[in-house]
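K.L.:
Next one to model:
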Amino acid sequence: MSKKVFNHIVAEIKEAKYFALITDSTPDISHEDQLPIICRYCLHGQVYERFLQFLPISSHTGESLCKVTLEVLEANDISISNCRGQSYDNASNMSGKYVGVQARIQELNLLALYVPRVGHSLNLVGKNSVNVCIEAISFFGFIANLYAFFVASPHRWEILLNNSDSTLESLSKTRWSCRDDATSASFFNYSQIYDALSGFVESDDENADTRFDARNLKNQMEKLEIAFMTQFWHEVLDRFNKTSKFLQTAELDLVAGDKMLQSLTEFINEMRNKFDEIQKKCQEVRMFC
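P.N.:
Next comes the predicted model:
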């Protein structure tokens, strides 16, 4: 960010006077932890969310993160007394009731109300829901193995591209958008992926290990359980991902966010009654059951 742009953002925050803080530590490409400082404010009737600065950090304690955050604000003459909101993830060093960043800032300013990051909370709901279901864990293990098989060599990846309209995607433990991408890629290219695996199994040019791994994956794709879970999780994660993205929009208000979460809850509850319909869809798209 240029100095001119940075000064413009600081000037806007000061003009708006009241602001909310958004921070979260994240590793950069060199695997060094950084703390992005983001301010959300309303100016001339328009809501803005502006990135302010990246800070290198060596400690993840609430005390340390709070200290560097306050130092940035003070260095730019932005008073913490004008902070009216805080939004972080659910990590204890950020959201902790007694020693988290939000608690330490509230000691300085009781009006700096803390609101947990709803998008991150939604990701945790999905993650924890999967972790208590053995069938779901097994399915996502299959998706991960499918990606690992094709990404293992350029030769395999090329054959996949020659057989499907899109590539496979890797999974992420917390980012459910990645799981949506991975499941959707398998759903929309199910038969093409199956054909690619069949080609490996039947080819005399492939080594025994490759043919063995391809046959195991192919056999799994022939099972009703895998076909069903592919259809089911495609629908669920597509809705999860759309809701999560909506909850992260800068223009979001509490009423719209609440309605979106209620809609997602109703959708998930309705899925309980759609198992027969999902099985029928599996047959209609010619999945190998």
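
K.L.:
beta partners of C83?
P.N.:
Counting by DSSP bridges, C83 is bridged to F19.

K.L.:
Might one say that it is in contact with F19?
P.N.:
Yes: judged on Cβ atoms under 8 Å, C83 makes contact with F19 at a distance of 6.2 Å. C-betas here are computed from N, CA, C, even on glycine.

K.L.:
Of these two, give the one with the bigger neighbour count.
P.N.:
More crowded of C83 and F19, by other Cβ atoms under 10 Å: F19, with 26 against 21.

K.L.:
L171 touches D181, doesn't it?
P.N.:
No: between L171 and D181 no contact is recorded; they are 9.1 Å apart, counting by Cβ under 8 Å.

K.L.:
who's more crowded, the two?
P.N.:
More neighbours surround D181 than the other of L171 and D181, with 20 against 16 (other Cβ under 10 Å).

K.L.:
is it true that that one lies in a helix?
P.N.:
Yes: counting by DSSP: H, G, I helix; E, B strand; the rest coil, D181 is found in a helix.

K.L.:
Now stretch 143-158 - C-alpha only, CSV.
P.N.:
Output in CSV follows, covering the C-alpha atoms of stretch 143-158 (Å, rounded to 0.1, in the frame of the first residue of the first chain):
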residue,chain,number,x,y,z
ILE,A,143,-12.1,-36.9,-1.7
ALA,A,144,-8.7,-36.2,-0.3
ASN,A,145,-7.3,-39.4,-1.7
LEU,A,146,-8.8,-38.7,-5.1
TYR,A,147,-7.1,-35.4,-5.3
ALA,A,148,-3.8,-36.9,-4.0
PHE,A,149,-3.9,-39.6,-6.7
PHE,A,150,-4.2,-37.2,-9.6
VAL,A,151,-1.9,-34.5,-8.2
ALA,A,152,0.9,-37.0,-7.6
SER,A,153,2.3,-36.5,-11.2
PRO,A,154,1.9,-34.3,-14.2
HIS,A,155,1.0,-37.3,-16.3
ARG,A,156,-2.0,-38.2,-14.1
TRP,A,157,-3.1,-34.6,-13.9
GLU,A,158,-3.0,-34.3,-17.7
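
K.L.:
Can you give me the buried ones in it?
P.N.:
Neighbour counts over stretch 143-158 (16 or more other Cβ atoms under 10 Å) mark 143, 146-147, 149-150, 156 as buried.

K.L.:
swap in stretch 161-181?
P.N.:
Buried residues in stretch 161-181, counted by 16+ other Cβ under 10 Å: 163-164, 168-169, 171, 176-181.

K.L.:
Most widely separated two among those residues?
P.N.:
Using Cβ to Cβ, those reach their maximum pairwise distance at N163 and W176, which is 27.2 Å.

K.L.:
Name the next helix or strand downstream of the lowest-mean-pLDDT helix or strand in the chain, please.
P.N.:
When the helices and strands of the chain are scored by mean pLDDT, DSSP states H and E, strand 26-27 comes last with a mean of 60. With elements assigned by DSSP states H and E, the helix or strand that comes after strand 26-27 is strand 33-43.

K.L.:
partners of that next one in the sheet?
P.N.:
In the sheet, strand 33-43 lines up with strand 19-23 (antiparallel), strand 26-27 (antiparallel), strand 46-56 (antiparallel) (DSSP bridges).
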